[in-house]
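**Q** Build me a model from this:
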Amino acid sequence: MDNTAKIYSLYFAFVDVITSICILVKNQEYFSTKEKIELFNFSQKNIKSDDLFHVFLSEGRQKYFNLKNQALSPLSLSSFKAQQQLERLKGIIEQFLGELESENLDLIFPLWLAYNLALDQYFYLFPAGNKPNLWYKRQERLRLGYQKYLSSYQSNSNWWQSIDITVKSNLGNF
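**A** Down below sits the predicted model:
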């Protein structure tokens, strides 16, 4: 899988998690307290997937670029630790998506972080006894994201162009 396929796979998996969060939030029976819902500063009635998408993506971008800037700072202990964190993050991404190529890493890393922030929030919303397996869910959503990418990419060109425009309007050109 090349980096472009990784981006689309992550995007589709990320959108799926956002959709799942919206469904959980709107389904009141999952919540024992209102505090869980207020983490987003959204009420149950007006939670929007686009808003959540941009909240998580902005947070993922901020975390990645802070880490990257810290790693590029003059040699220091914090620079060394930031470089180690980036290497660990790269290893985790490669464990799930395969070896990373050199292009579009400034999109893959923040998208991965946003996806994981959303997954963490998704699992936080579940009552303690009902939590699914995080590792399995992460792997399954990425697999389904890749399948969606392949089927979309191989479908008729008008449908693919529509998807491509939507993805790039949310993530920027890559």
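**Q** Okay, helices next: where are they in the chain?
**A** Taking DSSP state H as the test, the helices found in the chain are 3-26, 35-38, 49-72, 77-97, 105-124, 134-153, 157-171.
**Q** Centre-most residue in this structure?
**A** Centroid-nearest residue in the chain, with C-alpha atoms, centre = their mean: Tyr115, separated by 1.6 Å.
**Q** roughly how far apart are the closest residue to that one other than its chain neighbours and Leu57?
**A** Sequence neighbours aside, Phe14 is the residue nearest to Tyr115 in space, at 4.4 Å (criterion: C-beta to C-beta, 6 or more residues apart in numbering). C-beta here means a position set from N, CA and C on the backbone, and glycine is covered the same way. Counting by C-beta to C-beta, to the nearest Å, the separation of Phe14 from Leu57 is 8 Å.
**Q** swap in Thr19?
**A** In this structure, Thr19 and Leu57 are 15 Å apart, going by C-beta to C-beta.
**Q** So which of these two has more stuff around it?
**A** Between Thr19 and Leu57, Leu57 has the larger neighbour count (other C-beta atoms under 10 Å), namely 22 against 13.
**Q** ok so, going back, next, format the helices of the chain as a markdown table and append mean pLDDT.
**A** A markdown table is the format used below for the helices of the chain (pLDDT from 0 to 100):
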| stretch | mean pLDDT |
| --- | --- |
| helix 3-26 | 90 |
| helix 35-38 | 49 |
| helix 49-72 | 92 |
| helix 77-97 | 92 |
| helix 105-124 | 92 |
| helix 134-153 | 88 |
| helix 157-171 | 89 |
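**Q** on that earlier part again, look up how far Ser76 lies from the residue nearest to the centre of the chain.
**A** 30 Å.
**Q** ditto for Gln84
**A** Plainly put, Gln84 is 13 Å away from Ser76 if you go by C-beta to C-beta.
**Q** same check, this time on Lys26
**A** For Lys26, the distance to Ser76 - C-beta to C-beta - is 47 Å.
**Q** neighbouring contacts of stretch 133-143?
**A** 9-10, 13, 16-17, 96-97, 116, 119, 123 (C-beta atoms under 8 Å, 6 or more residues apart in numbering).
**Q** Give the buried residues for stretch 49-69.
**A** Within stretch 49-69, the residues scored as buried using 16 or more other C-beta atoms under 10 Å are 52-53, 55-57, 60-61, 63-64, 67-68.
**Q** ok, back up a step: can you verify my assumption that the residue nearest to the centre of the chain contacts Phe12?
**A** No - look at Tyr115 against Phe12 with C-beta atoms under 8 Å: they stay out of range, at 10.1 Å.
**Q** Could you report the separation of Ile47 from Ala118?
**A** As judged by C-beta to C-beta, Ile47 and Ala118 stand 13 Å apart.
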